[in-house]
Every structure is written in structure tokens, then in C-alpha cells.
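Engineer: Compute the structure for the input listed below.
(one chain, ligands or ions: 1)
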Amino acid sequence: MEEVRTHSAVHVVKGAVQNVLGAKWTASVFVSGGHGRLTVQFDRKPTDEEMARLEQAANEKIAEGAEMLEFEMEKQEAEGHFSDSIYDLFPVPSDVTILKIVRIPDWNINCCNERHVDNTLLIGKVKLEKPRFRNAKRELELGFDLAE
Ligand SMILES: [Zn+2]
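Structural biologist: Presented below is the predicted three-dimensional model:
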């Protein structure tokens, strides 16, 4: 259950990264116990103020009690509706024709096969770590822990 919460939090943090930093593409995701991490394409290290806004935005969305909606859709139809916003930089296998999609309304949409909580309230709270920026790869690594 803890990893379901942590994984769900990845989607909330991803939405915050998209909305606050405007960073669209996620290169990789990692979850272990109450610790999560996402690596996104970005051109610099965020300022302390941006990191604070990021954490606040994620926690506000969690506290809102937003629904996490899961549904299946044919790949072509999903791409027609949502274009590439459902994708990450790691590819979906080419033989997949039906996509599982998870959506936090007005926040984040992603194709994803993992399990999620029904409501963001169940996540609790997240605490972001200091970001790491890899200049050569233009990748920003954002780790977090479930705070409660
Ligand atoms: Zn997911």
C-alpha cells in the first residue's frame, strides 16, 4: 500500500513539475517504499523558491482530495484525444494497442500500468529533496519522501 501511495504521488509531483516549471517530459521514475523519484528533462537547476512552490503545489493538490481516474482506451483514440501528453520519454511497447491511462483532472494525465489510490488525500503529504541537475543530459532529478 505504501508503494501505491508513493507511486500515486509521482503523478501528483509530475503534474506540479509540469504546471510550476513547465517541464513536460519525464525520462524515468523510481519508487521504493515511501521514497519516490522522477527524472525530467529541464534546462537548469530550479531555484529554492521554485522548489518551495513545487512542494506547495503538490501538497495543495493532494489536500484537495482530487480523484485519480483510471481507464482504458485504444492507443489511436487516446493519441487523438490527448496527443503526446500521455507519454513519457520511456516508450510504450509497440505491440500495445490498448492503453491504461490515469488522470488527475486538470493536473496530470499519463498512460501507466501501475496501481493508484482513488483519491489524492490517501497520499498524505510529500517532502521534496534537494534537486540534482545533470547538465550534460539536461536532466533534473527530483526525489521525495512521503512525509506521513
Ligand atoms: Zn501510475
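
Engineer: can you pull the contacts of the closest residue to the ion within the chain?
Structural biologist: Using Cβ to the ion, the closest approach of the chain to the ion is made by Cys112 at 3.2 Å. (Glycine included, C-beta is placed from N, CA and C.) Applying Cβ atoms under 8 Å, 6 or more residues apart in numbering, we find Cys112 in contact with His11, Lys100, Ile101, Val102.

Engineer: how about the residues of the protein that lie near the ion?
Structural biologist: Contact residues (Cβ under 5 Å from the ion) of the chain with the ion: Cys112, Glu114.

Engineer: at 6 Å instead, please
Structural biologist: His7, His11, Val102, Cys112, Glu114, His116 (Cβ under 6 Å from the ion).

Engineer: so which of those residues is the most crowded?
Structural biologist: Using other Cβ atoms under 10 Å as the neighbour test, those are led by His11, with 26 neighbours.

Engineer: In space, what's closest to that residue - neighbours in sequence excluded?
Structural biologist: Excluding the flanking residues, the one nearest His11 by Cβ to Cβ, 6 or more residues apart in numbering is Asn108, at 5.0 Å.
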